[in-house]
Every structure is written in C-alpha cells, then in structure tokens.
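Novice: fold the following.
(one chain, ligands or ions: 1)
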Amino acid sequence: MNLKEIYSDNKQPVISFEVFPPKDSDENLLSEINILKQYNPAFISLTCGAGGKENKSFELLKKIKEVNLMPHFTCISSSKQSVEEGLKEIEAMGIENILALRGDIPQDPELICHDFNFANELVSFIKERTNLSIGVAGYPEGHIESPDLKTDIENLKRKVAAGADVIFTQLFFDNNKFYDFIERVRNAGIEIPIAAGIMPVISKKQIERMVSMAKITVPQELQNAMQKYDCLKDFGIDFAAKQCKDLIKNGVQGLHFFTLNKSYSTTKILNNIKE
Ligand code: FAD
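Specialist: Predicted structure coming up:
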C-alpha cells in the first residue's frame, strides 16, 4: 500500500515505526521488528546514511519480511546515476514508498556530489522516474540551517510542489510547537498529510545530543526530570504517551515512532495510549 492510500483514511492516526541499520548484527533488530509488527504498523521506515545507496540499508531491507516498507534515501553525496540505480533497486524489491531527504551536509566537502543540492530536487527526480509514493521531512521548530520557520516552510512547499505525498516531522517534545507548525503549513497552502515524529525519551544524554543537533524545545517538565535522573526510560514512556494522547485528541494524522531499534518503549507507549 502506498503512502497516499495509507493516509487517505483519516478516521484514526496512522501508526508507523522507524528503525536504523544496526552497527552490529541484524538479528537483534529483526527480532525487535517481529515484536513491533504485532502492533500492525502501516509501514516501517529504515533510515540510511548521507551516502544514499552506498550503505548497508539496502541489504537489510531485503531481510525485513511481511511488512510494508519505506526506505529513507538521501542525495547530498549521490550522483544522478547512483540515485537512479538505487530507485530501480527499491522498485525491484516491490517497495512502494520512499522518504526523500537531502541528508546532513558532510563535514568533508569532497563528499558532496552537487548533482542534488536540496531534497526538492530529489523529489522531482523520483517523481519523474518512478511510481513511488514520496515522504519528506518537516521541522516543527525549523531546520537547523534555516534562518526562520517561515523560510523553512517556503522550502517545504517546494518539496510538496515537486510531488511529496506526506510530511514526516522531526521529533518534538512540546506539542504546541507542532500545532503552531500545522497552522503555518496549512496557511502556506500545503494540504498533504503530516505525521508527527515521536521519540521515546530514554536518557538525559540522548536528549542533550538531540538538542545539540536540532532546534527542539525541552519543556520544563522534561528539564526537571533531566535534573533528577540520568535514566529516563519510565518517565519517557509516560511523557510520550501523554504527548500522543494529546495529539490524537487534536486530530493528528499520523504517529511515526523513532523506535531507536528497541520495541520496549514504543510498545509500552502504544499500550498506554489504548488504556
Ligand atoms: P531539505 O528539505 O533540502 O532542507 C535542508 C535545508 O535547506 C533547510 O534549511 C531548508 O529550509 C533549506 N532548503 C530546502 N530547499 C531549498 C531550496 N530549494 N533553496 C534554498 N534552501 C532550501 N538524515 C539521514 O542522513 N538519514 C536518514 O535516514 C534521515 N531520516 C530523517 C527522517 C526524518 C523524519 C527527519 C525529519 C529527518 C531525517 N534525516 C535523516 C535528517 C535530514 O537528512 C537532515 O535534517 C538534513 O539536514 C536535511 O534534510 P532535508 O531532506 O530536510 O533537506
């Protein structure tokens, strides 16, 4: 099923999971995915490095069975030819969806290819050559390189005009930032579905790392917990469940969980939401 079809039924939010290629063996991840699959995700997305096709995510995709997939695909370090080959490989696997990304600018300028400079160029390229349904990234508090949210949303509009079907947001901890983003995006004339990126909080270190890499507000409640505890697993489950319940009450179209390759927190959150 493709993203367009998945998000066309708006009675309930679409549940989806994100995993990443593990540094060690794939076996642990595959067993975590087997647990996650019991929660009937509409699809599972698999991240990739900024090297696009040149990473191990393609081999892993072949090992994930009986679930709809959405590979992430970055373009900043890729030539048109390698992207074309990668897209063919994805379609040959019977995959219908893709998350089209620019990827972070590599520190080594030699690694930038310049065939694609921004994600909207990749979206056009995919649209012209494939039948894949296309997701793109959105940033409720603005992308880190962007001077302001208004400019970032203008650039998001380019990705939508190029053929994106769904927006997947960066994680956020303050739902008001997400609601404000939705309002601004809709006012800018963007009508496609928006899925909220939910990251279960696990530790103080994890949040500090996230906040150093992206524009993410940490609400007072979370700051207080960070001062009290280093391990925030249980707190994180309650926090995310509360966040999701509020999003559902406010009509969120999708909840996309950044599972961190573990089923524990995500499944607890989902059980908690149902209660
Ligand atoms: P773009 O949409 O190209 O935006 C990048 C910056 O350029 C923004 O500041 C934007 O405002 C600006 N911009 C965009 N278009 C234009 C234009 N035409 N002219 C001028 N300025 C423009 N990274 C990975 O490496 N692998 C992954 O698997 C991965 N998965 C992700 C999943 C999600 C849900 C999200 C939210 C992010 C993910 N990322 C991933 C991170 C992402 O690659 C980085 O945030 C990257 O820096 C930007 O990618 P983008 O596709 O949003 O870029």
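Novice: count of residues packed around residue 24?
Specialist: 7 (other CB atoms under 10 Å). Placement of C-beta: from N, CA and C, glycine included.
Novice: identify the residues contacting residue 19.
Specialist: 29, 32-33, 44-47, 259, 261 (CB atoms under 8 Å, 6 or more residues apart in numbering).
Novice: what residue of the chain is the furthest out?
Specialist: Within the chain, the residue lying farthest from the chain centre (CA atoms, centre = their mean) is residue 228, at 29.6 Å.
Novice: so what's residue 51 scoring on pLDDT?
Specialist: pLDDT for residue 51: 55.
Novice: just to revisit the earlier point, so how far is the ligand from the residue farthest from the centre of the chain?
Specialist: 29 Å (CB to the nearest ligand atom, to the nearest Å).
Novice: quick check, the helix or strand hosting residue 159 touching the ligand?
Specialist: In this structure, residue 159 sits in helix 149-161 according to DSSP states H and E. Yes: contact of helix 149-161 with the ligand (CB under 6 Å from any ligand atom) involves 151-152, 155, 158-159.
Novice: you'd agree residue 147 is in a strand?
Specialist: No: under DSSP: H, G, I helix; E, B strand; the rest coil, residue 147 falls outside any strand and is assigned coil.
Novice: low-confidence regions, the stretch 51-200 of the chain specifically.
Specialist: Along the stretch 51-200 of the chain, segments meeting pLDDT under 70 span 51-55.
Novice: so which residues of it form helices?
Specialist: 57-63, 80-92, 119-129, 149-161, 175-187 (DSSP state H, counting those that start in this stretch).
Novice: save those as JSON lines, and put in mean neighbour count too.
Specialist: Below are the helices of the stretch 51-200 of the chain laid out as JSON lines (neighbours: other CB atoms under 10 Å):
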{"stretch": "helix 57-63", "mean neighbour count": "15"}
{"stretch": "helix 80-92", "mean neighbour count": "16"}
{"stretch": "helix 119-129", "mean neighbour count": "20"}
{"stretch": "helix 149-161", "mean neighbour count": "18"}
{"stretch": "helix 175-187", "mean neighbour count": "17"}
